[in-house]
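With the sequence up front, the predicted model follows.
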Amino acid sequence: MSQIAALEQTEKTADRIRTELLSTLSELDRRRRMATNVRYQVASHLPLAIAAAALLAGTAGIALFVGRVRLRSKKSINLRDRLEAFIRAWEHPNRVASRAADRPLPVELGKKVLLIFAGVLATRLARAGARRLLPESG
């Protein structure tokens, strides 16, 4: 009889565990539905939703305002540049595209030579660094 009693006890325990598992699963399913229900989430977090919408609207408004200001500024800069170009063309018809005063030829050549040397130096440093990083083959 003790085996039958032990078997019945095991079945009762299994039934209780199964019932608890099913109730836990149904609770998890209910919470999942609530978490993915947009209307419920908005209703339960209404102040946060309103604040987020206001922040989004404010950000969009500021972006539009800044865009318009920059557009106006750009138009005035273009107008100023055109006016300066017209004055340069009037004063010096031979160098319309130049903004800077004529620099002496040695200064321009020196600047270009320095840029060439800087480019060569940067290339050599990059090659040396690449050779150190890559394993030697062959």
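That came through fine.

care to break the chain down by domain?
Segmentation of the chain into domains, based on automatic domain parsing, reads 1-36, 46-102, 103-138.

What are the phi and psi values at residue 86?
Backbone torsions of residue 86, given as degrees, to the nearest 10, read phi -60, psi -40.

Can you convert the domains of the chain into JSON lines and add a column each for mean neighbour count?
Any C-beta I mention is one placed from the backbone N, CA and C, and that applies to glycine too. Listed next are the domains of the chain as JSON lines, based on neighbours: other Cβ atoms under 10 Å:
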{"stretch": "domain 1-36", "mean neighbour count": "10"}
{"stretch": "domain 46-102", "mean neighbour count": "10"}
{"stretch": "domain 103-138", "mean neighbour count": "9"}
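
Comparing these by mean pLDDT, which bottoms out?
Looking over those, mean pLDDT reaches its minimum on domain 46-102, with a mean of 81.

Quick check: what element follows the strand or helix carrying residue 5 along the chain?
Using DSSP states H and E, residue 5 maps to helix 2-36. Moving toward the C-terminus from helix 2-36, the next helix or strand (DSSP H and E) is helix 38-44.

Can you name every helix or strand that that next one contacts?
Under the contact definition 3 or more Cβ pairs under 8 Å, 6 or more residues apart in numbering; DSSP states H and E, helix 38-44 sits against no other helix or strand.

CA atoms only: put that helix into PDB for me.
Output of helix 38-44 as PDB, limited to C-alpha atoms (Å, rounded to 0.1, in the frame of the first residue of the first chain):
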ATOM      1  CA  VAL A  38       0.100  50.300 -27.500                       C
ATOM      2  CA  ARG A  39      -3.200  51.800 -26.300                       C
ATOM      3  CA  TYR A  40      -2.600  50.400 -22.800                       C
ATOM      4  CA  GLN A  41       1.000  51.600 -22.700                       C
ATOM      5  CA  VAL A  42       0.000  55.100 -23.800                       C
ATOM      6  CA  ALA A  43      -2.900  55.200 -21.300                       C
ATOM      7  CA  SER A  44      -0.700  54.000 -18.500                       C
END
